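In: Sharing a model prediction with you, sequence too.
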Amino acid sequence: MSEKQTKNMIWNLKKGLYRTQHKTMKVVSTVLPFPVPVLLTGAGSIKSLAENIRARGVKNVLVVTDKVLMTLKLPDVLLASLKDHGIKFTVYDDVQPNPTIRNVEKGREIYKKNNCEGIIGFGGGSAMDCAKIIGARVANPFFSVRRMKGYFRVIMPIPPFFCVPTTAGTGSETTVAAVISDPSTHEKFAINDLKLIPKIAVLDPELMTGLPPHITSTTGMDALTHAVEAYIGRNGTSFTDDNAKNAVRLIFDNLEKAYKTGTDLEARNNMALASFYAGSAFTRAYVGYVHAIAHTVGGLYGVPHGLANAIILPHVLEFCRKDAENKLADLAVAGHLGTRRDGPEKLSLQFIEKIKTMNKNMKIPMHIQELKETDIPLIAKRALKEAHPDYPVPRIMTLDECEDLIRKLLPPA
């Protein structure tokens, strides 16, 4: 047997093992008891959170947010409502755009020092993810953040946890996932556990009207990526498929409206719902190579996650288009890009073109400016380590294919 034949045999064996794991994970995900957060929705719904927290017997909370939101006074309505309902609170606002293990440990110290009984994550995905992992560390003091990396390694339940997203993108308010950065290795990794799903999620469009257009666009494309990767992967169910299609429809109909007119409450509300639906889909059906590459790029260069997803998404869809043709066609129909009579090939191409057009209309670049040619082998290696064997992608990628795809993201010379 030649060396090439041996390599092909080993690769085919690996792919078979990956697919076996995907099938196993799909079975597991259909029987796991995924909690569903209580939803408070609509303009002004943030004012209802305090009474719901009080009703659960929680009288002292840590509010995890960031300094930008505090400067904008966005949490003021929540904090006033907590005070009116006799709930003590301590604000921890040192969360970074890519939260670190150090952020988590500092938040844990503040929680313990102030004898808090619950946690509110207020902000974008960074604040909500940081809040989740603070809760995990509070409840599991003998397990480091690194020790909880992966799936179902948060042993003890976290304190009562509540989410208030101020962007429509991450879906963290309904997912099992929390992403954290390790500055010592420049890696981003996820902690996934049912215990991280919040008790209550507040979807208040009034909290999102002041978002800058570039944040609206990139977080919205993050939500789109969640929906698309959940749908085209191999682990979807009727529940995740319905949520993913609803998310795509709402994003296609509303994201550019919210980008152009930030005060459009209907568009903002629909985007908040889309983010929640997309989160409900991917937390059960998983994501794919877009996220694996984006996490690695974010860890190395600090590129915002939504921006990285938006840039990478069309390239990954082109890579797997033929293998995911029928599913991409489904999403094209859901997004009102055509009808079944157009055929799957045309519809799948239209879907990818729609994403490119949205990126262009919202001034999202085509390349990752920070990307360096010399880093591509490391990025590809880390991305595939994250993706294999966990992500049930429609087409499994080799290391060489991954490097070639990442090379397309390089800025022009």
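Out: Happy to help now that I have it. Every value quoted in this text rests on a predicted model; they were computed, and no experiment measured them.

In: tell me the contacts of the nearest residue to Ser48 once chain neighbours are set aside?
Out: Spatially, and ignoring its direct neighbours in sequence, Ser48 is nearest to Leu40 (5.1 Å; C-beta to C-beta, 6 or more residues apart in numbering). Placement of C-beta: from N, CA and C, glycine included. Taking C-beta atoms under 8 Å, 6 or more residues apart in numbering, we find Leu40 in contact with Ile46, Ser48, Leu49, Asn52, Ile200, Ala201, Val202, Leu203, Asp204.

In: between those residues, which is closest to Ala383?
Out: Proximity of these to Ala383 (C-beta to C-beta) peaks at Ala201, which lies at 29.7 Å.

In: Okay, now the sheet partners of the helix or strand hosting the closest one, with direction.
Out: Taking DSSP states H and E as the criterion, Ala201 maps to strand 200-203. Strands that pair with strand 200-203, judged by DSSP bridges, come out as strand 38-41 (parallel), strand 161-165 (parallel).

In: Point out the most buried one among these.
Out: Most buried of these, by mean neighbour count (mean count of other C-beta atoms under 10 Å): strand 161-165, with a mean of 28.

In: Wait, Ala247 touches Tyr277, no?
Out: Yes. Counting by C-beta atoms under 8 Å, Tyr277 is a contact partner of Ala247 at 4.1 Å.

In: who touches both of these two?
Out: Common neighbours of Ala247 and Tyr277 (C-beta under 8 Å, 6+ apart) are Ala227.

In: When those two are compared, which one has more neighbours?
Out: Ala247 (31 against 26; other C-beta atoms under 10 Å).

In: domains of this protein?
Out: Annotated domains of the chain cover 38-207, 211-407 [automatic domain parsing].

In: Just the CA atoms of stretch 35-49, as CSV, please.
Out: Coordinates of each C-alpha in stretch 35-49 appear next as CSV, following Å, rounded to 0.1, in the frame of the first residue of the first chain:
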residue,chain,number,x,y,z
PRO,A,35,-34.3,24.1,30.5
VAL,A,36,-36.2,26.9,28.7
PRO,A,37,-35.8,30.4,30.3
VAL,A,38,-38.8,32.3,31.3
LEU,A,39,-39.1,35.1,28.7
LEU,A,40,-39.9,38.7,29.5
THR,A,41,-40.4,40.4,26.1
GLY,A,42,-41.4,43.8,24.6
ALA,A,43,-40.5,47.4,25.2
GLY,A,44,-40.0,48.2,28.8
SER,A,45,-39.9,44.5,29.9
ILE,A,46,-36.7,45.2,31.8
LYS,A,47,-38.9,46.8,34.5
SER,A,48,-40.4,43.4,35.3
LEU,A,49,-37.2,41.5,36.1
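
In: Show the residue spans covered by the helices in the stretch 101-250 of the chain.
Out: Counting by DSSP state H, counting those that start in this stretch, the stretch 101-250 of the chain has helices at residues 101-113, 125-139, 213-232, 238-260.

In: Poorly predicted segments of the stretch 201-350 of the chain, please.
Out: Regions of the stretch 201-350 of the chain meeting the criterion pLDDT under 70 are absent.

In: Can you check the pLDDT for Pro411?
Out: Pro411 is assigned 95 on the pLDDT scale.

In: same thing with Met397?
Out: So Met397 comes in at 97 (pLDDT).

In: ok, now Glu187?
Out: Listed pLDDT for Glu187 reads 88.

In: Would you list the phi and psi of the residue nearest to it when sequence neighbours are not counted?
Out: Leaving aside its chain neighbours, Glu187 sits nearest to Gly299 (4.7 Å; criterion: C-beta to C-beta, 6+ apart). Dihedral angles of Gly299 (phi, psi; degrees, to the nearest 10) stand at phi -70, psi -40.
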